[in-house]
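Novice: I'll drop the sequence and a predicted model, then ask my questions.
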Amino acid sequence: MKRDYGDVLETAKRANSMLQGLSNHIEQQRVEFNQTGYYQTYSRNAVANFPLLSKHAVVASISDMEEAGYQFGKKQTGSTSQYALSLQNVIDIYHHRKVPRYRDKHKGPFVVFVVNLKGGVSKTVSTVTLAHGMRAHPAMLHNDLRILVIDLDPQASSTMFLSHKNSIGSKAETAAQAMLNDLGREQLHSEFIQPTVMPGVDVMPASIDDGFVASDWEALVQEYLPGVAPSEVLRRNVIDRLADDYDFIFVDTGPHLDSFMLNAIAASDILLTPTPPAQVDFHSTMKYLTRLPEMLERIEKEGVEPRLKANIGFMSKMTTKHDHLTSQSYAREVFTKSMLDASLPRLDGFERCGESFDTVISANPISYPGSADALRKAKYEAEQFSRAVFDRIEYIRSTL
C-alpha cells in the first residue's frame, strides 16, 4: 500500500514547478532582450588605459588584426559605428602584442577552496564572485585567466549563479560523478564541464543527489576506485587531468565535515576563510579553525599529503557597525599576516543578484532588479576583493 506523506509529495511537485518557472522566465527575458552573453564591452579609448597598453598600441593592433581578417565588436550610434570591444577582443589584442599570459608564467592550476563549517557566511557568493571577478577585472585581462568552478555542494548554489539551467532537478553529469567514474580529459570536457555566461569561466555542476554520494563515499570509492584513498579522488581524477586547461580552480562544498570537504582540502593550494562579524557566526568560524588541524591529520592518515600553502582569512558580510569593526580586529589577531586587506561587505547588490542568477560582475545593469547605483557599488567592491585575492596568491607563489 502506498504511504500517505500528507502534503510532502504535492509540495515537492509545486516547488519543482516553481523552480522551472523561475528559471524559464529569466532565460526568456535574456533571450528577448539579447542578454544571453556577458554584457560588458569597452570603447577603444577605454582599452587604451588598460595595463601594458596605450592609445597608439591599441589603434595599431586593431588595424593589424583587421587587415588579417579579425572582426571586432561594434555598435551603431546614429549613423556611425563605434568599437564595442568584448572581453575576448581585449584579450586577443594583448595576445597580438605578445603580452605573456598567466599560463606562460605559472604551470598547472592553482586550487582555491573557500571554506567554513558555518553555513550562510558567503562561501558560495565569495567563490563565484572571485571566479567572475578575476577573469573580468580590467587590470587582469592580460593574464587571460582560464577558470573552473567545481561545485560539490548538493544544494548546487554555485551552479545556480554560474549556469542556472544545470542547477534544477536531478542531474547525472555532476562533479561528484566525474570523481567516481575515473574519466579522461576529453570526456570530462564533453560531458561534465559547462560554460557560463562569462567567457573563460566554466563550471562542473552539482545536484541534490550528490548528497547521497557524499554519505556513502568511502564505500563507493572502495567499490569503484580500489586502492585510491577517499580524500585524493578530486585531485587524482579531476584536477590533475585538467591541469593543462585551467589556471585557477575554485571548489565549493556544503558546510559539512564530509568526504567532499576533505577532498577539497586535500586538493587545495590555499584555503580562504570567510569570517562574518556577527557574534554567533564569528564564534562558529573560530570553532571551525580549531578543527582544521584535525581534518588535515585525517587526510594524512589516509596516506594523502595536503598541498596547503596558506589559510587566508577575510571579513564577509561586513558593515561599519562598531561591533563588526571589533570582530574584524579580533580576526586580525587570529589570522595575523594571513588576514586579507579587502573584505566582502554586506551590500544589497550581492543579495539581489541571486534573483537573476547572476554575480555582481555578470549582472547587466539594464535588467538588474535593484538600484543601478547599488549594483555599481557592489561590483566595485567585488573587483577590489578579487584583485586583493589574486595579488595575495601571486605573493604566495613568488615565495615558493
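Specialist: Looks like it came in fine. Numbering: from 1, shown residues only.
Novice: run a quick neighbour tally on the residue nearest to I393 when sequence neighbours are not counted.
Specialist: Of all residues not flanking I393 in the chain, F110 sits nearest, at 6.3 Å (CB to CB, 6 or more residues apart in numbering). All C-beta atoms are positioned from the backbone trio N, CA, C, and that covers glycine. By other CB atoms under 10 Å, the residues close to F110 number 19.
Novice: so F110 sits against S268, correct?
Specialist: No - look at F110 against S268 with CB atoms under 8 Å: they stay out of range, at 9.3 Å.
Novice: name the residues contacting each of the two.
Specialist: Common neighbours of F110 and S268, counting by CB atoms under 8 Å, 6 or more residues apart in numbering, are absent.
Novice: what's opposite the residue nearest to I393 in the beta bridge?
Specialist: Beta-bridge pairing for F110 (DSSP bridges): F248.
Novice: those helices in the stretch 201-350 of the chain, which residues are they?
Specialist: 210-215, 217-224, 233-234, 259-267, 279-301, 322-335, 348-352 (DSSP state H, counting those that start in this stretch).
Novice: gap between the residue nearest to I393 and V149?
Specialist: 14 Å (CB to CB, to the nearest Å).
Novice: E191 now?
Specialist: 17 Å.
Novice: the more surrounded of the two?
Specialist: Neighbour comparison, E191 and V149: the larger count goes to V149, with 30 against 14 (by other CB under 10 Å).
Novice: the more buried one: what secondary structure?
Specialist: Put simply, V149 is strand when judged by DSSP: H, G, I helix; E, B strand; the rest coil.
Novice: isn't it right up against S158?
Specialist: Yes - with contact defined as CB under 8 Å, V149 counts as touching S158 (5.4 Å).
Novice: helix or strand with the lowest mean pLDDT in this structure?
Specialist: helix 8-32 (a mean of 63; mean pLDDT, DSSP states H and E).
Novice: would you mark the buried spots in the helix or strand just after that helix?
Specialist: The C-terminal neighbour of helix 8-32 among helices and strands, as given by DSSP states H and E, is helix 44-48. For helix 44-48, burial by neighbour count (16 or more other CB atoms under 10 Å) applies to 44, 47.
Novice: how much space between T336 and F282?
Specialist: As judged by CB to CB, T336 and F282 stand 17 Å apart.
Novice: before we move on, the earlier item: adding mean pLDDT, mean neighbour count and distance to L308, write the helices of the stretch 201-350 of the chain out as TSV.
Specialist: Converted to TSV, the helices of the stretch 201-350 of the chain look like this (pLDDT from 0 to 100; neighbours: other CB atoms under 10 Å; distance: least, CB to CB, whole Å):
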stretch	mean pLDDT	mean neighbour count	distance to L308
helix 210-215	90	18	22
helix 217-224	96	15	21
helix 233-234	98	28	14
helix 259-267	97	26	7
helix 279-301	95	15	7
helix 322-335	95	15	15
helix 348-352	88	19	28
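Novice: compare those and give me the one nearest V121.
Specialist: Nearest of those to V121, taken as CB to CB: helix 279-301 at 5.9 Å.
Novice: show residues contacting the helix or strand harbouring R103.
Specialist: Using DSSP H and E, R103 sits within helix 102-105. With CB under 8 Å, 6+ apart as the test, helix 102-105 has contacts from 143-146, 247.
Novice: and L375, how far from L130?
Specialist: The gap separating L375 from L130 is 18 Å, by CB to CB.
Novice: and what of K171?
Specialist: Remark: distance between K171 and L130 (CB to CB) = 24 Å.
Novice: longest strand in this protein, please.
Specialist: strand 310-318 (DSSP state E).
Novice: please export the alpha-carbon coordinates of that strand; CSV is fine.
Specialist: Provided in CSV are the C-alpha atoms of strand 310-318 (Å, rounded to 0.1, in the frame of the first residue of the first chain):
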residue,chain,number,x,y,z
ALA,A,310,48.2,29.2,3.2
ASN,A,311,44.9,29.7,5.0
ILE,A,312,43.8,33.3,4.3
GLY,A,313,41.0,34.9,6.3
PHE,A,314,38.8,37.7,5.1
MET,A,315,35.7,39.5,6.5
SER,A,316,32.4,38.7,4.8
LYS,A,317,29.0,40.4,5.3
MET,A,318,31.0,43.4,6.8
